[in-house]
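**Q** From the sequence below, what's the structure:
(2 chains)
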Amino acid sequence: DAGVIQSPRHEVTEMGQEVTLRCKPISGHDYLFWYRQTMMRGLELLIYFNNNVPIDDSGMPEDRFSAKMPNASFSTLKIQPSEPRDSAVYFCASSTQVTVPHFGDGTRLSIL
Amino acid sequence: AQTVTQSQPEMSVQEAETVTLSCTYDTSESDYYLFWYKQPPSRQMILVIRQEAYKQQNATENRFSVNFQKAAKSFSLKISDSQLGDAAMYFCAYRSTPLVFGKGTRLSVIA
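**A** Here you go, the predicted structure:
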(Lines give C-alpha, C1' and ligand atoms only; values in the text may rest on other atoms or scores of the structure.)
Protein backbone atom coordinates (compact mmCIF):
# COMPACT_ATOMS: atom_id res chain seq x y z
CA ASP A 1 0.00 0.00 0.00
CA ALA A 2 1.77 3.10 -1.28
CA GLY A 3 -0.59 5.53 0.38
CA VAL A 4 -1.90 8.75 -1.11
CA ILE A 5 0.81 10.38 -3.19
CA GLN A 6 0.92 14.13 -3.70
CA SER A 7 3.27 16.17 -5.80
CA PRO A 8 5.08 18.45 -5.55
CA ARG A 9 5.88 18.49 -1.85
CA HIS A 10 6.81 22.14 -1.99
CA GLU A 11 5.98 24.78 -4.58
CA VAL A 12 7.20 28.35 -4.64
CA THR A 13 6.03 30.55 -7.46
CA GLU A 14 5.29 34.14 -8.27
CA MET A 15 1.94 35.79 -8.15
CA GLY A 16 0.00 35.41 -11.38
CA GLN A 17 1.52 32.07 -12.33
CA GLU A 18 -0.49 28.91 -12.85
CA VAL A 19 -0.06 26.25 -10.17
CA THR A 20 -1.00 22.59 -10.55
CA LEU A 21 -1.09 20.22 -7.62
CA ARG A 22 -1.34 16.48 -8.21
CA CYS A 23 -2.74 13.57 -6.30
CA LYS A 24 -2.74 9.81 -6.73
CA PRO A 25 -5.26 8.16 -4.41
CA ILE A 26 -4.99 4.72 -2.91
CA SER A 27 -6.03 2.07 -5.37
CA GLY A 28 -9.61 0.98 -4.80
CA HIS A 29 -10.65 4.15 -3.02
CA ASP A 30 -13.62 5.78 -4.72
CA TYR A 31 -13.67 9.03 -2.74
CA LEU A 32 -11.08 11.76 -3.17
CA PHE A 33 -10.92 14.95 -1.15
CA TRP A 34 -8.94 18.16 -1.48
CA TYR A 35 -8.34 20.20 1.68
CA ARG A 36 -6.53 23.46 2.33
CA GLN A 37 -4.86 24.20 5.66
CA THR A 38 -4.02 27.70 6.90
CA MET A 39 -3.33 29.08 10.33
CA MET A 40 -6.35 31.34 10.18
CA ARG A 41 -8.97 28.95 8.80
CA GLY A 42 -7.69 25.53 9.78
CA LEU A 43 -8.52 22.59 7.51
CA GLU A 44 -11.09 23.49 4.88
CA LEU A 45 -12.67 21.11 2.41
CA LEU A 46 -12.31 22.49 -1.09
CA ILE A 47 -13.93 19.77 -3.17
CA TYR A 48 -14.54 16.06 -3.18
CA PHE A 49 -15.13 13.42 -5.83
CA ASN A 50 -16.94 10.11 -5.81
CA ASN A 51 -16.17 7.72 -8.66
CA ASN A 52 -14.35 10.55 -10.44
CA VAL A 53 -17.40 12.82 -10.34
CA PRO A 54 -17.28 16.09 -8.37
CA ILE A 55 -19.91 15.90 -5.63
CA ASP A 56 -19.42 19.10 -3.67
CA ASP A 57 -17.27 22.00 -4.79
CA SER A 58 -18.85 24.60 -2.56
CA GLY A 59 -15.56 25.04 -0.72
CA MET A 60 -13.66 26.13 -3.79
CA PRO A 61 -12.86 29.76 -3.00
CA GLU A 62 -13.35 31.29 -6.41
CA ASP A 63 -13.14 30.73 -10.13
CA ARG A 64 -9.37 30.79 -10.04
CA PHE A 65 -9.52 27.33 -8.51
CA SER A 66 -10.44 24.24 -10.50
CA ALA A 67 -10.14 20.52 -9.84
CA LYS A 68 -10.37 17.52 -12.10
CA MET A 69 -10.32 13.78 -11.75
CA PRO A 70 -9.91 12.30 -15.22
CA ASN A 71 -9.61 8.75 -13.91
CA ALA A 72 -9.67 6.76 -10.69
CA SER A 73 -5.94 7.10 -10.12
CA PHE A 74 -5.29 10.79 -10.65
CA SER A 75 -6.59 14.20 -9.67
CA THR A 76 -5.36 17.76 -10.08
CA LEU A 77 -6.06 21.02 -8.32
CA LYS A 78 -5.21 24.05 -10.39
CA ILE A 79 -4.94 27.70 -9.41
CA GLN A 80 -4.83 30.24 -12.22
CA PRO A 81 -3.80 32.99 -11.66
CA SER A 82 -2.26 32.42 -8.26
CA GLU A 83 -2.28 35.08 -5.52
CA PRO A 84 -0.29 35.41 -2.27
CA ARG A 85 -3.41 34.62 -0.21
CA ASP A 86 -3.47 31.16 -1.80
CA SER A 87 -0.35 30.26 0.16
CA ALA A 88 -1.23 27.25 2.30
CA VAL A 89 -0.73 23.54 2.68
CA TYR A 90 -2.97 21.58 0.33
CA PHE A 91 -3.89 18.02 1.26
CA CYS A 92 -5.39 15.28 -0.80
CA ALA A 93 -7.13 12.37 0.93
CA SER A 94 -8.88 9.24 -0.29
CA SER A 95 -11.20 6.63 1.13
CA THR A 96 -14.08 4.30 0.46
CA GLN A 97 -17.51 4.84 2.00
CA VAL A 98 -16.54 2.86 5.08
CA THR A 99 -12.77 3.19 5.40
CA VAL A 100 -10.87 5.84 7.25
CA PRO A 101 -9.71 8.71 5.01
CA HIS A 102 -5.99 8.49 4.34
CA PHE A 103 -4.09 11.70 3.71
CA GLY A 104 -1.15 12.46 1.51
CA ASP A 105 1.82 14.37 2.89
CA GLY A 106 0.48 17.64 1.52
CA THR A 107 1.90 20.31 -0.77
CA ARG A 108 3.21 23.46 0.83
CA LEU A 109 2.42 26.25 -1.61
CA SER A 110 4.04 29.67 -1.35
CA ILE A 111 2.97 32.46 -3.68
CA LEU A 112 5.36 35.40 -3.69
CA ALA B 1 -24.42 21.45 8.18
CA GLN B 2 -22.24 19.57 10.56
CA THR B 3 -19.83 21.51 12.73
CA VAL B 4 -17.01 20.44 14.99
CA THR B 5 -15.77 22.55 17.88
CA GLN B 6 -12.50 22.19 19.73
CA SER B 7 -12.57 24.74 22.51
CA GLN B 8 -8.93 24.39 23.62
CA PRO B 9 -6.54 25.98 21.12
CA GLU B 10 -3.55 24.93 23.24
CA MET B 11 -2.91 22.42 25.99
CA SER B 12 0.17 21.24 27.83
CA VAL B 13 0.92 18.15 29.87
CA GLN B 14 3.83 16.84 31.88
CA GLU B 15 5.53 13.78 30.52
CA ALA B 16 3.94 10.59 31.91
CA GLU B 17 0.79 12.42 32.95
CA THR B 18 -2.70 12.22 31.45
CA VAL B 19 -4.39 14.87 29.34
CA THR B 20 -7.87 15.15 27.86
CA LEU B 21 -8.67 17.08 24.69
CA SER B 22 -12.26 18.20 24.19
CA CYS B 23 -14.43 18.04 21.10
CA THR B 24 -18.10 18.68 20.50
CA TYR B 25 -20.02 18.39 17.28
CA ASP B 26 -23.38 19.22 15.87
CA THR B 27 -25.37 16.92 13.60
CA SER B 28 -28.87 15.71 12.93
CA GLU B 29 -27.68 12.35 11.65
CA SER B 30 -27.79 9.19 13.70
CA ASP B 31 -25.11 7.15 11.93
CA TYR B 32 -21.67 8.64 11.51
CA TYR B 33 -18.00 8.27 12.36
CA LEU B 34 -15.77 10.37 14.55
CA PHE B 35 -11.99 10.54 14.39
CA TRP B 36 -9.01 12.04 16.08
CA TYR B 37 -6.06 12.85 13.84
CA LYS B 38 -2.59 13.86 14.96
CA GLN B 39 -0.48 16.30 12.96
CA PRO B 40 3.16 16.50 14.08
CA PRO B 41 5.52 19.20 12.75
CA SER B 42 6.18 16.99 9.73
CA ARG B 43 2.55 17.94 8.78
CA GLN B 44 1.47 14.37 8.14
CA MET B 45 -2.13 13.64 9.13
CA ILE B 46 -2.04 10.50 11.24
CA LEU B 47 -5.17 8.72 12.39
CA VAL B 48 -5.10 8.23 16.15
CA ILE B 49 -8.48 6.66 16.85
CA ARG B 50 -11.94 6.23 15.37
CA GLN B 51 -15.41 5.75 16.82
CA GLU B 52 -18.58 4.54 15.12
CA ALA B 53 -21.63 6.34 16.43
CA TYR B 54 -23.68 3.17 16.72
CA LYS B 55 -21.17 1.63 19.10
CA GLN B 56 -21.70 2.46 22.75
CA GLN B 57 -18.30 1.17 23.81
CA ASN B 58 -15.57 3.78 23.83
CA ALA B 59 -12.71 3.13 21.42
CA THR B 60 -9.23 2.51 22.77
CA GLU B 61 -5.85 2.33 21.03
CA ASN B 62 -3.01 1.68 23.46
CA ARG B 63 -2.49 4.92 25.42
CA PHE B 64 -5.26 6.71 23.56
CA SER B 65 -8.92 6.41 24.46
CA VAL B 66 -12.09 8.38 23.85
CA ASN B 67 -15.07 9.36 25.92
CA PHE B 68 -17.96 9.31 23.47
CA GLN B 69 -21.19 10.82 24.73
CA LYS B 70 -23.64 10.59 21.83
CA ALA B 71 -26.54 12.41 23.47
CA ALA B 72 -24.28 15.27 24.48
CA LYS B 73 -22.49 15.17 21.09
CA SER B 74 -19.16 15.06 22.83
CA PHE B 75 -16.05 13.15 21.77
CA SER B 76 -13.00 13.78 23.96
CA LEU B 77 -9.57 12.20 23.58
CA LYS B 78 -7.60 11.01 26.58
CA ILE B 79 -3.87 10.45 26.29
CA SER B 80 -2.38 8.46 29.14
CA ASP B 81 1.30 8.29 30.08
CA SER B 82 2.07 11.23 27.77
CA GLN B 83 5.30 11.02 25.82
CA LEU B 84 7.40 13.70 24.15
CA GLY B 85 6.40 12.26 20.77
CA ASP B 86 2.76 13.04 21.51
CA ALA B 87 3.44 16.76 21.02
CA ALA B 88 1.45 17.78 17.95
CA MET B 89 -1.74 19.39 16.67
CA TYR B 90 -4.75 17.18 17.30
CA PHE B 91 -7.82 17.45 15.14
CA CYS B 92 -11.24 16.10 15.89
CA ALA B 93 -13.21 15.18 12.78
CA TYR B 94 -16.76 14.16 11.97
CA ARG B 95 -17.69 12.07 9.02
CA SER B 96 -20.72 11.13 7.20
CA THR B 97 -19.03 12.18 3.97
CA PRO B 98 -16.79 14.14 3.83
CA LEU B 99 -14.67 14.86 6.90
CA VAL B 100 -15.42 18.06 8.82
CA PHE B 101 -12.59 19.16 11.07
CA GLY B 102 -12.36 21.18 14.23
CA LYS B 103 -9.80 23.98 14.43
CA GLY B 104 -7.38 21.79 16.33
CA THR B 105 -5.65 21.72 19.71
CA ARG B 106 -1.91 22.20 19.95
CA LEU B 107 -0.54 19.83 22.58
CA SER B 108 2.81 20.48 24.22
CA VAL B 109 4.52 17.83 26.34
CA ILE B 110 6.81 19.07 29.06
CA ALA B 111 9.78 16.93 30.02
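**Q** Write down the beta-bridge partners of the most centrally placed residue in chain B, one by one.
**A** Nearest to the geometric centre of chain B sits B:Trp36, at 3.7 Å (C-alpha atoms, centre = their mean). Taking DSSP bridges as the rule, B:Trp36 bridges to B:Ile49, B:Cys92.
**Q** thinking B:Met89 is in contact with B:Lys103, fair?
**A** No. Assessed by C-beta atoms under 8 Å, B:Met89 is found out of contact with B:Lys103, at 9.6 Å. All C-beta atoms are positioned from the backbone trio N, CA, C, and that covers glycine.
**Q** Counting neighbours, go ahead and name the busier of the two.
**A** The residue with more neighbours, out of B:Met89 and B:Lys103, is B:Met89; 20 against 17, by other C-beta atoms under 10 Å in any protein chain shown.
**Q** and the more buried one, what element?
**A** B:Met89 is located in strand B:88-95, with elements delineated by DSSP states H and E.
**Q** Up against chain B, what does chain A have?
**A** Taking C-beta under 8 Å from any C-beta of the partner chain as the contact definition, chain A meets chain B at A:31, A:33, A:42-43, A:45, A:48, A:50, A:56, A:89, A:91, A:93, A:97, A:100-103, A:105-106, A:108.
**Q** contacting residues for B:Tyr54?
**A** B:Tyr54 sits next to B:Asp31 when contact means C-beta atoms under 8 Å, 6 or more residues apart in numbering or on different chains.
**Q** what about the closest residue to B:Phe35 other than its chain neighbours, neighbour count?
**A** Leaving aside its chain neighbours, B:Phe35 sits nearest to B:Ala93 (4.5 Å; criterion: C-beta to C-beta, 6 or more residues apart in numbering or on different chains). Residues within reach of B:Ala93, counting by other C-beta under 10 Å, total 24.
**Q** ok, now the one 5 residues further on?
**A** Applying other C-beta under 10 Å, we find 24 residues neighbouring B:Pro98.
**Q** When you filter the residues of chain A next to chain B down to buried only, what's left?
**A** A:31, A:33, A:42-43, A:45, A:48, A:89, A:91, A:93, A:100-103, A:105-106, A:108 (16 or more other C-beta atoms under 10 Å in any protein chain shown).
**Q** And the residue nearest the centre of chain A?
**A** A:Trp34 (3.6 Å).
**Q** in the chain, which spans are strands?
**A** As the question left the chain open, I've gone with chain A. Counting by DSSP state E, chain A has strands at residues A:5-7, A:10-13, A:19-24, A:31-38, A:42-50, A:53-56, A:65-71, A:74-79, A:88-95, A:102-103, A:107-111.
**Q** my question was about chain B
**A** Assigned by DSSP E, the strands in chain B fall at B:3-5, B:10-14, B:19-21, B:24-26, B:33-39, B:46-52, B:60-61, B:64-69, B:74-79, B:88-95, B:99-101, B:105-110.
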